[in-house]
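Colleague: Just the structure for this:
(chains A, B, C and D)
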Protein chains: 2
Amino acid sequence: MNHRLPMPARAKSAKKTAPDVCTEHHAPASHPDAKIPPLTLVESQRMGEFFAVLADPTRLRLVSLLASDEFCVCDLASSLSMTESAISHQLRALRAARLVSYRKEGRQVFYRLHDHHVLELYQTVREHLEE
Amino acid sequence: MNHRLPMPARAKSAKKTAPDVCTEHHAPASHPDAKIPPLTLVESQRMGEFFAVLADPTRLRLVSLLASDEFCVCDLASSLSMTESAISHQLRALRAARLVSYRKEGRQVFYRLHDHHVLELYQTVREHLEE
DNA sequence: CCAATATATGAACATACGCTCAGATATTGG
DNA sequence: CCAATATCTGAGCGTATGTTCATATATTGG
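Modeller: Next up, the predicted model:
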């Protein structure tokens, strides 16, 4: 069965030159213009957490609402026909990822997208999926 | 407790004018330049699935490797110090999401990024997280 | 044909996640 | 202060997901 176990030694040999792995190797070099080092484990975990926040339908619908205007939790819950508790939990995740900011006004808390980068990313992917 | 249950009627009232929800409403209108309709449930699910594929450290490291060159499964597994089975499962997910393409050459299968959109999205988010 | 190599796949297990429910916290009005 | 409103939070449940393990498929060499 698995003829190459985890192998702590050896790894990280593939950087920019052709990696000398497998019995024979044909070194295709299809992206010659690249100099980008691969993600480290920690970097990939960070990036994964970022994408994971956007990998939920409810949070994406929240972002799509906030792309047009500022809303309080109550309005967001009503717009999505969900409980305010569920929305509050999801807003917590969006806050932790710095995707939204908020502003307190009396008993209400108004949420908005954190900055233009969020709006741009959302619109880019939206257009990409509309093809 | 929850003073506003799922409410199937009523929802979808917040489109472009200020949504009339909550007892009092202060209509802040912070993004006046918007005309983007919010995501439907189905659209948000599609978009969520797309982000979910990129929400895993292993798949992101695979994308980061393929951003520089074309690799066979064996090389990818070796580079990440993981079993070829695990890598094959993840490549399957990347294939299903049309994020990678492949080319068979004898016993080996060489994977590459599907198109330049993938590379651009990856690089954009990478730069965004480097701040 | 058969052994070896390279990859793919299904089942199973452990973990992670989203929602609900109950309750806590905070602010306003009487 | 107390009731009502608006939001937040922790525990628990059901489901989804990534890896391992065993096995299957496919291609090459002898």
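
Colleague: Quick one: the strands in chain A, in order.
Modeller: Assigned by DSSP state E, chain A shows strands spanning A:71-72, A:100-105, A:108-113.

Colleague: Any chance of a markdown table for those strands, columns distance to DNA strand C and mean neighbour count?
Modeller: Heads up, the C-betas are built off the backbone N, CA and C, glycines and all. Shown next, in a markdown table, are the strands of chain A (distance: least, Cβ to the nearest atom of the strand, whole Å; neighbours: other Cβ atoms under 10 Å in any protein chain shown):
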| stretch | distance to DNA strand C | mean neighbour count |
| --- | --- | --- |
| strand A:71-72 | 13 | 26 |
| strand A:100-105 | 7 | 15 |
| strand A:108-113 | 9 | 19 |
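
Colleague: And the closest residue to A:Leu113 other than its chain neighbours, how close does it get to B:Val42?
Modeller: Nearest residue to A:Leu113, sequence neighbours excluded (Cβ to Cβ, 6 or more residues apart in numbering or on different chains): A:Leu66, at 5.0 Å. Taking Cβ to Cβ, to the nearest Å as the measure, A:Leu66 falls 20 Å from B:Val42.

Colleague: Repeat that for A:His116.
Modeller: Distance of A:His116 to B:Val42, given as Cβ to Cβ: 27 Å.

Colleague: ok, now A:Ser85?
Modeller: In terms of Cβ to Cβ, A:Ser85 sits 24 Å off from B:Val42.

Colleague: for the residue nearest the centre of chain A, what are its contacts?
Modeller: For chain A, A:Phe51 is the residue whose C-alpha lies nearest the centre (Cα atoms, centre = their mean; 1.6 Å). By Cβ atoms under 8 Å, 6 or more residues apart in numbering or on different chains, the residues touching A:Phe51 are B:51-52, B:54-55, B:60, B:125.

Colleague: Look up the pLDDT of the nearest residue to A:His117 once chain neighbours are set aside for me, please.
Modeller: Leaving out its chain neighbours, the residue that sits closest to A:His117 by Cβ to Cβ, 6+ apart is B:His128, at 6.0 Å. The predicted structure scores B:His128 at 80 on the pLDDT scale.

Colleague: same deal with A:Asp115?
Modeller: Confidence score, pLDDT, at A:Asp115: 90.

Colleague: Show me what from chain A comes close to DNA strand C.
Modeller: Selection of chain A residues close to DNA strand C by Cβ under 7 Å from any atom of the strand yields A:3, A:22-24, A:52, A:55-59, A:82-83, A:85-86, A:89-90, A:93, A:104, A:106-107.
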